[in-house]
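Colleague: Below is the sequence, then the predicted model.
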Amino acid sequence: MRHIYANFQSAGFKGEELKKHIFDASYSYTKSGFQKAMELLRRDCEEAHNWMMQIPVEAWCRHAFDTNCKTDLVVNNLSEVFNKMILDVRGKPIRTMLDGIKDKLMVKYSKIRQKTKTTRWEITPFYAKKLEEAKKHSRECKAKNADIGLWQVSTKGTDVHAVDLRARTCGCKAWDLTGIPCNHAISVISKIKQHPEDYVHDFFKKDMYREAFKHVIYPVPGPDEWPKTDTRDIDPPVFREKPGRKQTVRRKGVHEMPAPRDSSRMGSITCSNCKLVGHRFPSCPMQLKPELQLRKNKHQVSMLHMVLCLYILYTSYISCTLKCFLQSNRETITPGPRAPAPSSSTAPRAPGPSSSTASRASPAPRENPAGRPFFAPRTSGREPKLTHRMQGYLNAGKHSSYKGSRISKK
């Protein structure tokens, strides 16, 4: 249908209204729908109507298709899919091209045969999905029995169709062409408590699918093993390289819409971090969430996080070391027990220097257990003073949330 419409535009018939009438006539399952669309086309442009009627309707209208084919496609997608599969070998010499196509089909057929041995579906997935869509639309249909296997089905509108379960036909012609029960037929099948899958044509079931790919494409020996003949060898044609890049993409027509560029898709991209449209989370200007930050760093710890951990470990280690040092120093230089001072009522005070002078006098040296002399600390009981740097290390260890603080407590 695309090629017919391209020629239709080249003939000078353009416009969205004309295009709508042509496609409505082409995709109509019934002859009445086709005639209605063509009548609207004739009213808008009689010359366009006459131009389209020169083409056989069997080539572009659904209602005129053969019901034995079990397809309603009005496009050449089947050939386009095959053309894409052989895209890398179709430009090669004839023998190399045939070998490449043979290898592709040989591998494809083998994979399908192996896949069908383990699949659990009984209807091909594409047509099973179409059947599920028809089941949803069948809820809007109302079926009335006319005879054994013959029903009248009406929808919310004015459409009324006859469904014959014995002949597996429907008045809308969709079941006749595709082999898949339409929404009208499914409403009848559901009413008689049967399964729509049982009324699907055998062409779309697993057995027929296996039958289509059962043929084996056997390997072909290389040129060295080909038998020799008395005839003259066929030389390959002489190829001349043309200047410029080789063309592998189809050239679009003058009236065809150009393919959108990749940049046009940026409008549909949503950031998973800020939920704004137009960018992805790696380039988001806002602060990333923790899980997105890990994805951006490929689940590796950042350098800042590593430095912070090392700093916490270092401060905790210094704090633990200082506390251990101070505790050991206190245990070593703790003064011995002092004799009780004599009471003023029992003994007179001996003459000597004044109390202020005695308090300022340094104590006599004592011997520690190791045999080395040292001076006892002041009798006021105050701890040794710490420098500002040592006090900062202690404070950093107290307020740290890392495991080092736990070590210092122990």
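Modeller: Okay, I see it.
Colleague: K36 and K206, how far apart?
Modeller: Note on K36: its distance to K206, by CB to CB, to the nearest Å, is 40 Å. Just so you know, the C-beta spots here come from the backbone N, C-alpha and C atoms, and that holds for glycine as well.
Colleague: now the biggest helix by length in the chain, how far from the centre of its chain.
Modeller: Looking across the chain with DSSP state H, the single longest helix is helix 303-332. Relative to its chain's centre, helix 303-332 lies at 48 Å (CA atoms, centre = their mean, to the nearest Å).
Colleague: shift numbering so it begins at 59
Modeller: Shifting the count to begin at 59 puts that one at helix 361-390.
Colleague: Mind listing what's buried along it?
Modeller: I370, T373, S374, I376, S377, C378, L380, K381 (16 or more other CB atoms under 10 Å).
Colleague: Likewise for stretch 242-255?
Modeller: Residues H242, A243, I244, S245, V246, I247, S248, K249, P254 are the ones in stretch 242-255 that count as buried (16+ other CB under 10 Å).
Colleague: Any idea how many residues pack against M143?
Modeller: 14 (other CB atoms under 10 Å).
Colleague: check contacts around the closest residue in space to it that isn't next to it in sequence.
Modeller: Of all residues not flanking M143 in the chain, K162 sits nearest, at 6.2 Å (CB to CB, 6 or more residues apart in numbering). Neighbour list for K162: M143, I144, V147 [criterion: CB atoms under 8 Å, 6 or more residues apart in numbering].
Colleague: would a markdown table of the buried residues of stretch 242-255 with distance to P340 and pLDDT be doable?
Modeller: Output for those, formatted as a markdown table (distance: CB to CB, whole Å; pLDDT from 0 to 100):
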| residue | distance to P340 | pLDDT |
| --- | --- | --- |
| H242 | 52 | 93 |
| A243 | 52 | 94 |
| I244 | 48 | 94 |
| S245 | 52 | 94 |
| V246 | 56 | 94 |
| I247 | 53 | 94 |
| S248 | 51 | 93 |
| K249 | 56 | 92 |
| P254 | 48 | 93 |
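Colleague: Of those residues, which belong to strands?
Modeller: Nothing among the buried residues of stretch 242-255 maps onto strands, per DSSP state E.
Colleague: would JSON lines of these with distance to N126 be doable?
Modeller: Conversion of those to JSON lines gives the following (distance: CB to CB, whole Å):
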{"residue": "H242", "distance to N126": "22"}
{"residue": "A243", "distance to N126": "19"}
{"residue": "I244", "distance to N126": "23"}
{"residue": "S245", "distance to N126": "26"}
{"residue": "V246", "distance to N126": "24"}
{"residue": "I247", "distance to N126": "23"}
{"residue": "S248", "distance to N126": "28"}
{"residue": "K249", "distance to N126": "29"}
{"residue": "P254", "distance to N126": "22"}
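Colleague: Buried residues, stretch 130-146. List them.
Modeller: D130, V132.
Colleague: pull the CA atoms of it into PDB?
Modeller: Output of stretch 130-146 as PDB, limited to C-alpha atoms (Å, rounded to 0.1, in the frame of the first residue of the first chain):
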ATOM      1  CA  ASP A 130      -5.100  -9.300   6.400                       C
ATOM      2  CA  LEU A 131      -1.800  -7.500   5.700                       C
ATOM      3  CA  VAL A 132      -2.000  -4.800   3.000                       C
ATOM      4  CA  VAL A 133       1.700  -3.900   3.400                       C
ATOM      5  CA  ASN A 134       4.900  -5.800   2.300                       C
ATOM      6  CA  ASN A 135       6.400  -6.100   5.800                       C
ATOM      7  CA  LEU A 136       7.200  -9.800   5.200                       C
ATOM      8  CA  SER A 137       9.500  -9.000   2.300                       C
ATOM      9  CA  GLU A 138      11.000  -6.000   4.200                       C
ATOM     10  CA  VAL A 139      11.900  -8.200   7.200                       C
ATOM     11  CA  PHE A 140      13.700 -10.700   4.900                       C
ATOM     12  CA  ASN A 141      15.400  -7.800   3.100                       C
ATOM     13  CA  LYS A 142      16.800  -6.500   6.400                       C
ATOM     14  CA  MET A 143      18.000 -10.000   7.300                       C
ATOM     15  CA  ILE A 144      20.200 -10.300   4.200                       C
ATOM     16  CA  LEU A 145      21.300  -6.700   4.200                       C
ATOM     17  CA  ASP A 146      24.900  -7.500   4.800                       C
END
